[in-house]
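# What shape does this take:
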Amino acid sequence: CCRSLFGGSAVSLRFIAPLDERMRASLVSTGADTDLTNILLSKVPTISRASAQDFVTAFLAAVKALHQSKDLVSAVASAGRGPINMMVQAALLTRDSGVG
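Numbering: from 1, shown residues only. Okay, the predicted model is just below:
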């Protein structure tokens, strides 16, 4: 999703370990959303904090739905509104099709 929204270099291998650590923490505790937002802003500093927060909210909703075997697009749609949320939904719809 992040690559679809912010470009191919938005997630690099250098950030995978901290991102994975924060993701695991987000499943069991609160506050990880702030860490994920800060990681995203450090990699894509041209986006606003509000956009980064919207993306993280949608992303975490998708991760939670995935772990609960629920529909990802519906979970993201329920998590918020706005352009970032819609783009995450679109990215999820095309994730298995090889588009983008």
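
# which residues of this structure fall in strands?
With DSSP state E applied, the chain shows no strands anywhere along its length.

# Show me which helix runs longest in it.
When secondary structure is assigned using DSSP state H, the longest helix within the chain turns out to be helix 49-67.

# Pull out the buried positions in it.
Buried residues in helix 49-67, defined by neighbour count with 16 or more other CB atoms under 10 Å: 51-62, 65. The C-beta positions use only the backbone N, C-alpha and C, and glycine is treated the same way.

# residue ranges for the helices of the chain, please.
In the chain, the helices defined using DSSP H lie at 2-6, 16-28, 32-43, 49-67, 72-79, 83-94.

# can you list those helices in CSV and add mean pLDDT?
As requested, the helices of the chain are arranged in CSV below (pLDDT from 0 to 100):
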stretch, mean pLDDT
helix 2-6, 61
helix 16-28, 64
helix 32-43, 82
helix 49-67, 89
helix 72-79, 93
helix 83-94, 88
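
# My read is that residue 37 contacts residue 50, right?
No. Proximity of residue 37 to residue 50 does not meet the contact threshold set by CB atoms under 8 Å, at 9.8 Å.

# that older thread, will you turn the buried residues of helix 49-67 into JSON lines that also has distance to residue 95?
JSON lines is the format used below for the buried residues of helix 49-67 (distance: CB to CB, whole Å):
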{"residue": "51", "distance to residue 95": "20"}
{"residue": "52", "distance to residue 95": "20"}
{"residue": "53", "distance to residue 95": "22"}
{"residue": "54", "distance to residue 95": "19"}
{"residue": "55", "distance to residue 95": "15"}
{"residue": "56", "distance to residue 95": "18"}
{"residue": "57", "distance to residue 95": "18"}
{"residue": "58", "distance to residue 95": "13"}
{"residue": "59", "distance to residue 95": "12"}
{"residue": "60", "distance to residue 95": "16"}
{"residue": "61", "distance to residue 95": "15"}
{"residue": "62", "distance to residue 95": "10"}
{"residue": "65", "distance to residue 95": "13"}
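
# Looking at the residues you listed, which two lie furthest apart in space?
Checked with CB to CB, the buried residues of helix 49-67 reach their widest spread between 51 and 65, with 21.3 Å between them.

# re earlier: closest to residue 93 among the buried residues of helix 49-67?
residue 62 (11.6 Å).
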